[in-house]
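**Student:** Sequence first, predicted model second:
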Amino acid sequence: MAVIVLFTSMTAWYITRVKSKFNSILYYVFVFAMIVPFQMVMFTMSKTANDLYLNSMYGLVLLYLGFGAGQAVFLFCGFVKAIPLEIEEAAMIDGCSPIQTYFNVVFPMLRPTAVTVAILNAMWIWNDYLLPSLILPQEKGTIPMVIQNLKGGYGSIDMGAMMAMLVLAIVPIIIFYLSCQKYIIKGVAAGAVKG
């Protein structure tokens, strides 16, 4: 989730501020990636992930970055367009490099959209079953995979263990959502409407 927020916000800032034909095409590639359903690419993606040795937890982070980048770049681009360019120019006149300008000036202003992207991706990644089950081996499962493995043979289910596991799986994401919910409406409205 942190990787998605960091890299997609940098990408959106670059796409928005550096005007070129390539960046315009790149923006529409990210927007198109939002439209493509996961089921359309899952078999090709799982074969490619195995060929590139991405069938580990670190490889899963890269795959989530690829699938989460479309929506995140779209939201960040909308918000970056609303940031006055004069603020960044003032930072550069004061001696900031482009990286310093990004981390000291731009990224703090992107906080509402960054929290929104983080919440949306956290709920998706935390609850995702299909992608990890295609990529990871059974012994290295995520929480939804472990919950699914509580089912016994011939359809028998230990309901007590299953319900306890479900509550434990739900609690962290609810706490994260409640602690960040005030930023959601502000971030979505700012990123999707302006520009």
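**Tutor:** All right, it came through fine. Just so it is clear, the structure is predicted and the values come from calculations on it, not from any experiment.

**Student:** drop to CA atoms for contacts and neighbour counts, all remaining ones
**Tutor:** OK.

**Student:** ok, now how distant is Y58 from K151?
**Tutor:** Here Y58 is placed at a distance of 27 Å from K151 (CA to CA, to the nearest Å).

**Student:** ok, those two, which is more surrounded?
**Tutor:** Applying other CA atoms under 10 Å to Y58 and K151 shows that K151 carries more neighbours, namely 15 against 10.

**Student:** quick one, phi/psi of the closest residue to that one other than its chain neighbours?
**Tutor:** Among residues not flanking K151 along the chain, I157 sits closest, at 4.8 Å (CA to CA, 6 or more residues apart in numbering). Backbone torsions for I157, taken as degrees, to the nearest 10, come to phi -130, psi 130.

**Student:** Can you check the pLDDT for I157?
**Tutor:** I157 carries a pLDDT score of 78 in this model.

**Student:** Was I right to think it contacts Q148?
**Tutor:** No: I157 is beyond contact range of Q148, at 9.8 Å (criterion: CA atoms under 8 Å).

**Student:** other SSEs contacting the helix or strand L6 falls within?
**Tutor:** Element membership for L6, per DSSP states H and E: helix 2-17. Contact here means 3 or more CA pairs under 8 Å, 6 or more residues apart in numbering; DSSP states H and E; on that basis helix 2-17 packs against helix 21-35, helix 57-80, helix 111-127.

**Student:** got JSON lines for the ones you listed, with mean pLDDT and distance to T48 too?
**Tutor:** Output for the helices and strands packed on helix 2-17, formatted as JSON lines (pLDDT from 0 to 100; distance: least, CA to CA, whole Å):
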{"stretch": "helix 21-35", "mean pLDDT": "91", "distance to T48": "18"}
{"stretch": "helix 57-80", "mean pLDDT": "90", "distance to T48": "11"}
{"stretch": "helix 111-127", "mean pLDDT": "88", "distance to T48": "20"}
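
**Student:** With distance to E86 added, can I get those in a markdown table?
**Tutor:** A markdown table is the format used below for these (distance: least, CA to CA, whole Å):
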| stretch | distance to E86 |
| --- | --- |
| helix 21-35 | 21 |
| helix 57-80 | 13 |
| helix 111-127 | 19 |
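
**Student:** got a pLDDT number for the closest residue to V115 other than its chain neighbours?
**Tutor:** Ranked by CA to CA, 6+ apart and with sequence neighbours excluded, the top spatial neighbour of V115 is Y183, at 6.3 Å. Per-residue pLDDT puts Y183 at 71.

**Student:** what's the burial count for Y183?
**Tutor:** A count of nearby residues for Y183, using other CA under 10 Å, gives 16.

**Student:** nearest spatial neighbour of A69, skipping sequence neighbours?
**Tutor:** Nearest residue to A69 in three dimensions, chain neighbours excluded: T8, at 6.0 Å (CA to CA, 6+ apart).
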